[in-house]
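Peer 1: just the structure for this:
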Amino acid sequence: MLEGAKRIIELFNDDEFKAIIIEGDHGYGKSSYANRLISEVYSKDGVHGNWDTTQLFPGHLGFIPKHVIDLWRKKRKRDKCFHWDDAGYWLHNLDFQNKFVKDVGKYMQVVRDDWACVIFTCISREDVSSKIRGLRNAIVVEITKNGTDTGHPNRRTASAYVLRKGWKGREYKDYQWEEFYDSHVPGEYITDERGRVVKSSGFYGWYKPLRSEYTKIAKEILKKDIDSDDELNHDPLKSKK
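Peer 2: Alright, predicted model coming up:
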């Protein structure tokens, strides 16, 4: 069992809460690590991950704010963990005055009744609102390709630490654990040259089209912003034709 999964189970058993912020470059395996933690936390034997996409993951993984909050509102008893995928998009530090972002930060003050851990994935911890990354003893996990080689192309390293203040208020990293994991998750999702799905199976077959929707949503929001702003909507190259 991954050390991160062990820590989440400890938090649940000890009636505690910690936020885990997973950061790393695009495509490095941040979401893979978060989802592996969920699969192991809810596994039956602690060894073989539970990749159930009918009962487990739909209730413990979200991206769109309405979907996430609707799931949270349905909670009737304390649970182990939830993964807010690509949380840096909706809870961005530059949107710190946004009412929704503020309200999520406030909810984090009382979240222990619902969750032992909420996992936030982002490119950089600095992207996430300070009300979340500034939670006391929040655990930051940095994902790198350290350990990757030709024989192990999917091997990744997860280095977990808590930012603390030492002498004269200087920050230092209090390392919690470091571990290797395989960023490849079970299943397949294959499309043809026209983008049509020709084969899908397992967790990846469920997750990949869900993940692709994130980008579509972001582009639709960009389009809506442009359409509502005359200056952004002006295309001088088009007007010359």
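Peer 1: which helix of the chain spans the most residues?
Peer 2: Residue-count comparison of every helix in the chain, with assignments taken from DSSP state H, identifies helix 202-227 as the longest.
Peer 1: in that helix, what's buried?
Peer 2: For helix 202-227, the buried set under the neighbour-count rule, 16 or more other C-beta atoms under 10 Å, comprises 203-208. Where C-beta positions appear, they are placed from N, C-alpha and C, glycine not excepted.
Peer 1: ok, so of the residues you listed, who is nearest residue 135?
Peer 2: Proximity of the buried residues of helix 202-227 to residue 135, judged by C-beta to C-beta, is greatest for residue 207, which lies at 27.0 Å.
Peer 1: what residues are up against the closest one?
Peer 2: By C-beta atoms under 8 Å, 6 or more residues apart in numbering, the residues touching residue 207 are 35, 53, 57, 185, 187.
Peer 1: so the second one makes contact with residue 203?
Peer 2: Which is residue 53. Yes. Taking C-beta atoms under 8 Å as the contact criterion, residue 53 and residue 203 are neighbours in contact, 5.9 Å apart.
Peer 1: where do the helices of this protein begin and end?
Peer 2: For the chain, the helices defined by DSSP H cover 3-13, 30-41, 65-73, 87-90, 99-107, 130-133, 202-227, 230-233, 236-239.
Peer 1: can you tell me which of these is nearest to residue 179?
Peer 2: Smallest distance to residue 179 across the helices of the chain (C-beta to C-beta): 5.2 Å, for helix 3-13.
Peer 1: what helices and strands are in contact with that closest one?
Peer 2: Helix 3-13 makes packing contacts with strand 18-23, helix 30-41, strand 79-84, strand 115-122, strand 155-165, strand 171-182 when contacts are defined by 3 or more C-beta pairs under 8 Å, 6 or more residues apart in numbering; DSSP states H and E.
Peer 1: and the angle for that helix with strand 155-165?
Peer 2: Angular relation of helix 3-13 and strand 155-165 on a 0 to 180 degree scale: 50 degrees, by axes from the mean of the first three to the mean of the last three C-alpha atoms, to 10 degrees.
Peer 1: domain parsing for this structure?
Peer 2: 3-185, 186-233 (automatic domain parsing).
Peer 1: of the helices and strands packed on helix 3-13, which approaches residue 131 most closely?
Peer 2: Among the helices and strands packed on helix 3-13, strand 18-23 comes nearest to residue 131, with 10.4 Å by C-beta to C-beta.
Peer 1: who touches the closest one?
Peer 2: With C-beta under 8 Å, 6+ apart as the test, strand 18-23 has contacts from 4, 7-8, 11, 30, 33-34, 37, 108, 116-125, 128, 132-133, 135, 137-143, 158, 160.
Peer 1: of the residues you listed, keep whichever come out buried.
Peer 2: Burial of the contacts of strand 18-23 was assessed by neighbour count (16+ other C-beta under 10 Å); the buried members are 4, 7-8, 11, 30, 33-34, 37, 108, 116-123, 125, 128, 132-133, 135, 138-143, 158, 160.
Peer 1: need the contacts of residue 207 in CSV with pLDDT, can you?
Peer 2: Listed next are the contacts of residue 207 as CSV, based on pLDDT from 0 to 100:
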residue, pLDDT
35, 97
53, 95
57, 96
185, 93
187, 93
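Peer 1: just the ones of those residues in strands?
Peer 2: In strands, judged by DSSP state E, none of the contacts of residue 207 are found.
Peer 1: of the residues you listed - the most surrounded one?
Peer 2: Of the contacts of residue 207, residue 35 is surrounded by the most neighbours, 24 neighbours in total, counting by other C-beta atoms under 10 Å.
Peer 1: okay then, goodbye and thanks.
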